[in-house]
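Asks: No letters, just coordinates:
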C-alpha cells in the first residue's frame with residue numbers, strides 16, 4: 001500500500017518532469033568516482049533519443065562535435081580534478097538525425113564530509129535557436145558595418161567628384177561670362193544699331209551662366225555637408241530660432257515670430273541654425289504676395305523627439321510635390337526660372353539627417369506649407385533603446401514567425 005509520503009514523492013516527481021519538459025530543460029547527475037551518469041528524458045529527447053536509451057559519459061564523448069571535443073573535455077576535467085566553484089560548458093552534440101545541436105550545460109557540486117567532490121548535478125539545455133539568432137545578428141551587424149564603410153567611401157568619392165566638377169567647370173563658365181560681357185560692351189561702344197533680339201540673347205546667356213554658377217555653388221556646398229554631426233551638446237531651440245529670425249532680416253511686411261516655447265535637444269547648433277535660416281528664408285522667398293506670416297512653433301512629441309514646425313500663409317505645396325522639393329536642382333512653378341540653384345531644400349534635408357533628425361512638408365493651418373522637423377533628444381537617442389523590429393525580422397527569417405513566444409525560451413529572454 002502506498003503511503004502518503006510516497007504519494008507526495010510521486011506527485012512531486014511528476015510535477016518536476018512536467019516542469020522540465022515544458023521548460024525544455026534536461027538534467028543530469030554525474031557520479032565523479034564511478035563516472036556513472038543519470039539523465040532525464042528531456043535530455044534524451046533533445047538529442048532525438050528514446051526514453052530508455054542508456055546514457056553514459058562515453059555516450060557524451062562520442063556525440064561531441066570534433067571542433068568542441070578538446071575544449072569540452074578539458075572543461076569537465078578542470079572541475080572534476082580541481083576545486084571548482086561552478087561548472088559551465090557550451091558544446092555541440094550529435095542529434096539522432098545526424099545534425100548537431102548547441103547545448104548549454106550548467107552544473108553544481110556535492111561534496112562529502114571531507115570536502116571531496118563526489119557528485120555533480122546540472123542542467124542540459126538546447127540553445128541552437130539562440131545561437132542561430134546570435135549568429136544572424138552578428139552577420140547583420142557585420143553587413144551593416146560593411147555597408148556603412150561602402151557608403152562612406154561612396155560619399156567621399158561623391159564629394160571629391162563634386163569638388164572637382166564644380167572647380168573645373170568654373171573656368172569655362174568664367175570665360176563664357178566674360179565673352180557675354182565683352183559682346184555687350186562691344187555693342188555699346190560701336191554705337192551701331194543691333195536687333196533687340198541680340199541684346200535679349202546676351203541677357204539670357206548671362207542669366208543662364210549665373211544659374212549654372214549657382215548650381216555649381218550649390219553642388220559643392222551640398223557635398224561639403226558633414227555626413228554625421230556627432231556632437232552631444234545641449235542645444236536650446238528657442239535661441240536657435242530667435243537667432244535665425246534675426247539673421248534672415250525679413251521685410252517689415254512679413255511677420256516672422258516664434259509662437260511657442262521649444263525644448264532643448266542634443267546635437268550640434270551649427271547645422272540646426274542653418275536649417276532654420278534656410279526654412280524661414282525659403283518661406284519668405286516663395287511667398288506669393290508682398291506680405292505674409294511665418295510662424296515657428298513646436299514641442300516634444302510621443303517618440304521623445306523635439307518637433308519644430310516652420311509654417312506660412314502662402315500657396316503651400318501640393319501633396320504630390322512634397323517629396324520632390326527635396327531633390328537636388330528641383331524648383332516648382334514660377335521659381336524654375338528664378339536663377340536659383342535649386343539646392344536649398346536638398347541641403348536642408350541632408351543637414352537634418354546628419355543630425356539624426358527628420359523633415360517633411362505638410363499643409364499648414366495658415367493655408368500655406370508647414371516644414372516639420374524632428375530632432376533627437378536624450379529621451380529619443382538610439383543608444384538608450386533596443387530595436388525590436390530588427391529582432392522580429394531576424395526571428396521571422398530564422399523561425400518562420402515573428403512571435404517571440406514561438407522561439408526558444410532563452411532566445412525570447414534575450
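Replies: Yep, it's here. Just so it is clear, the structure is predicted and the values come from calculations on it, not from any experiment. Numbering: from 1, shown residues only.

Asks: Where do the helices of this structure begin and end?
Replies: In the chain, the helices defined using DSSP state H lie at 4-22, 41-46, 57-63, 69-81, 128-190, 196-223, 237-248, 269-285, 344-354, 388-399, 409-413.

Asks: The second one packs against which elements?
Replies: It refers to helix 41-46. Judged by 3 or more C-beta pairs under 8 Å, 6 or more residues apart in numbering; DSSP states H and E, helix 41-46 is in contact with helix 4-22, strand 25-31, strand 117-126. For the C-beta atoms, the positions are set from N, CA and C on the backbone; glycine is no exception.

Asks: please redo it, this time with the cut-off set to 6 Å
Replies: strand 25-31 (3 or more C-beta pairs under 6 Å, 6 or more residues apart in numbering; DSSP states H and E).

Asks: and if you look at the third one?
Replies: When contacts are defined as 3+ C-beta pairs under 6 Å, 6+ apart, helix 57-63 packs onto no helix or strand at all.

Asks: Go through it and flag the buried ones.
Replies: Neighbour counts using 16 or more other C-beta atoms under 10 Å place 59-60, 63 of helix 57-63 among the buried residues.

Asks: again, but for the fourth one
Replies: Taking 16+ other C-beta under 10 Å as the basis for neighbour counts, the residues of helix 69-81 that come out buried are 72, 75-76, 79-80.

Asks: re earlier: compare the helices of the chain and give me the one nearest residue 377.
Replies: helix 237-248 (10.1 Å; C-beta to C-beta).

Asks: what residue ranges in the stretch 51-200 of the chain are flagged as low confidence?
Replies: 82-84, 162, 165-167 (pLDDT under 70).

Asks: how about a cut-off of 80?
Replies: Across the stretch 51-200 of the chain, the ranges flagged by pLDDT under 80 are 80-85, 152, 154-171, 191-192.

Asks: do the same with the stretch 301-414 of the chain
Replies: For the stretch 301-414 of the chain, the stretches flagged by pLDDT under 80 are 328-344, 379-414.

Asks: can you pull out the strands in it?
Replies: Listed in chain order, the strands of the stretch 301-414 of the chain (DSSP state E, counting those that start in this stretch) span 306-312, 358-363, 369-375.

Asks: Next up, the contacts around residue 379.
Replies: residue 304 (C-beta atoms under 6 Å, 6 or more residues apart in numbering).

Asks: go with 10 Å
Replies: 263, 266, 300, 303-306, 385 (C-beta atoms under 10 Å, 6 or more residues apart in numbering).

Asks: Go through those and say which is closest to residue 202.
Replies: Distances from residue 202 to these, taken by C-beta to C-beta, are shortest for residue 306, at 50.9 Å.

Asks: doesn't residue 356 make contact with the closest one?
Replies: No: using C-beta atoms under 10 Å, residue 306 is not in contact with residue 356; the gap is 11.4 Å.

Asks: Need the residues touching each of these two.
Replies: 265-267, 374-376, 380.

Asks: Contacts only, for the residue lying closest to residue 90 once chain neighbours are set aside.
Replies: Closest residue to residue 90 apart from its sequence neighbours, by C-beta to C-beta, 6 or more residues apart in numbering: residue 104 at 5.3 Å. By C-beta under 10 Å, 6+ apart, the residues touching residue 104 are 88-91, 123-127, 130-131, 410.

Asks: Residue 178 now?
Replies: residue 209.

Asks: again with residue 92
Replies: Shown in contact with residue 92 (C-beta under 10 Å, 6+ apart): 63-69, 72, 99-103, 128, 131.

Asks: which of those residues count as buried?
Replies: Of the contacts of residue 92, these count as buried by 16+ other C-beta under 10 Å: 63-64, 68, 72, 100-103, 128, 131.

Asks: Please identify the pairing partners of the biggest strand by length in the chain and their relative orientation?
Replies: Of all segments of type strand in the chain, defined using DSSP state E, the longest is strand 100-111. Partners of strand 100-111 in the sheet, by DSSP bridges, are strand 87-94 (antiparallel), strand 117-126 (antiparallel).

Asks: ok and the longest one relative to strand 25-31, angle-wise?
Replies: To tie it back to what came earlier, the one meant is strand 117-126. Strand 117-126 runs at 160 degrees relative to strand 25-31, counting by axes from the mean of the first three to the mean of the last three C-alpha atoms, to 10 degrees.
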